[in-house]
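Student: Attaching a predicted model along with its sequence, questions to come.
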Amino acid sequence: MVLLPVLAGCSTLVTGRPVPAAGFAPSAPEHRDPSGPVARTTAGTDPCTLLTPDDLEPVGGADGPPHPDNPLPGACTQMLGAGPGNSAGAGFHEPLDAARDRQPEGTPVEVDGHAAWLYCAEVDGFQTCTATTGIAPERSLLTLLSVRGASAADTAGMLHGLTSAALHKLPPA
């Protein structure tokens, strides 16, 4: 009998829609040109140059050399000095629609006018967020940030700055 009021208090419905993290603008869920306002090319761009030490400073700074082709071919991950195991990365990946299909729990957002897909999950105590940003019909910019003990909102907010910095290093197509 004593548990009934406690359980009833946990069943309150919350109305509304989730709001993207700070920095990310909400995007209409319909499919549109993934290249955004300015299609970008990846030709001649080394993924390990997409995030500079200056770009990484707000998330803990670079700790050691970058790791090419990690976590997948065409990407580059950098360990961060803010805590053991924290990391950030950027690279080139599948089309934006493929990311939407593979990560249905994600959220459509925009990064500097480009359609993007934000996905966050906690893995082994690390809040990991990825942003897949459309830069061309067959290619996307993938950015990631993994921070131990952080919230999804905080991690996504920090990821927005990294995504914008990497996006602006890509030349127009």
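Tutor: Happy to help now that I have it.
Student: Give me the below-cutoff pLDDT ranges for this protein.
Tutor: In the predicted model of the chain, residues 1-36 satisfy pLDDT under 70.
Student: For it, which segments are assigned as strands?
Tutor: In the chain, strands defined by DSSP state E lie at 25-26, 67-68, 75-79, 87-93, 107-111, 114-123, 126-136, 139-148, listed in chain order.
Student: so what does the longest helix anywhere in the chain touch, helix or strand wise?
Tutor: In the chain, ranked by residue count with DSSP state H as the criterion, the top helix is helix 152-167. With contacts defined as 3 or more Cβ pairs under 8 Å, 6 or more residues apart in numbering; DSSP states H and E, the secondary structure elements packing on helix 152-167 are helix 53-56, strand 87-93, strand 107-111, strand 114-123, strand 126-136, strand 139-148. In this view, the C-beta of every residue, glycine as well, is placed from N, C-alpha and C.
Student: Flag every buried residue along it.
Tutor: Using 16 or more other Cβ atoms under 10 Å as the burial criterion, the residues of helix 152-167 that qualify are 152, 154-167.
Student: tell me which residues in stretch 130-141 are buried?
Tutor: Within stretch 130-141, the residues that qualify as buried are Thr130, Ala131, Thr132, Thr133, Gly134, Ile135, Ala136, Arg139, Ser140, Leu141, counting by 16+ other Cβ under 10 Å.
Student: Nearest to Trp117 among those residues?
Tutor: Comparing those against Trp117 with Cβ to Cβ places Thr132 closest, at 4.6 Å.
Student: Please name the nearest non-neighbouring residue to that closest one.
Tutor: Distances taken as Cβ to Cβ, 6 or more residues apart in numbering put Ala99 closest to Thr132, at 3.8 Å, once the chain neighbours are dropped.
Student: Check the gap between the one you found and Ala82 for me.
Tutor: Distance of Ala99 to Ala82, computed by Cβ to Cβ, to the nearest Å: 26 Å.
Student: More neighbours: the two, which one.
Tutor: The residue with more neighbours, out of Ala99 and Ala82, is Ala99; 23 against 16, by other Cβ atoms under 10 Å.
Student: so what's the more buried one up against?
Tutor: Taking Cβ atoms under 8 Å, 6 or more residues apart in numbering, we find Ala99 in contact with His93, Gly106, Trp117, Tyr119, Thr132, Ser140, Leu142.
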